[in-house]
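Participant: Any chance you can model this:
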Amino acid sequence: MKDILVVGKLKEEKFEKFMGFMQSDVGINERKKIADLTKTLGTVSPDKNSVMFKIAVHNEDALHAFLDGTNPVSGPIFEEVMESYEIFTISKIK
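Facilitator: Presented below is the predicted three-dimensional model:
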């Protein structure tokens, strides 16, 4: 497992659609292919235009496909709701 931080910028007024997908059975099943959902931490900006998730990834290729539109399930939704995203590797500092 690798700790990853994903920061996404959502299109105007698309937060509810984004969260609806992420919390749906379909969205959860796709997310399980990428990461351990029990270790996921998420937050949203006060204006609901940005989201941030810390995830424990077990399939980086699936993560990239999930976000970049090449995943056939998440692609159409993310095309509609996501303006941009950044992915960061997290490392612990003692």
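Participant: For Lys14, list the residues it contacts.
Facilitator: Contacts for Lys14 (Cβ atoms under 8 Å, 6 or more residues apart in numbering) come out as Glu80, Val81, Met82. Bear in mind the C-beta positions are built from the backbone N, C-alpha and C, glycine included.
Participant: just Ala35 next, same as before
Facilitator: Applying Cβ under 8 Å, 6+ apart, one finds that Ala35 lies in contact with Ile4, Ile55, Ala56, Val57, His58, Asn59, Leu63.
Participant: from those, which ones fall inside strands?
Facilitator: Here DSSP state E is the test, and the contacts of Ala35 give Ile4, Ile55, Ala56, Val57 as lying in strands.
Participant: just to revisit the earlier point, of the contacts of Lys14 - the most surrounded one?
Facilitator: Scoring the contacts of Lys14 on neighbours with other Cβ atoms under 10 Å, the highest-scoring entry is Val81 at 21 neighbours.
Participant: All good on my end, thank you.
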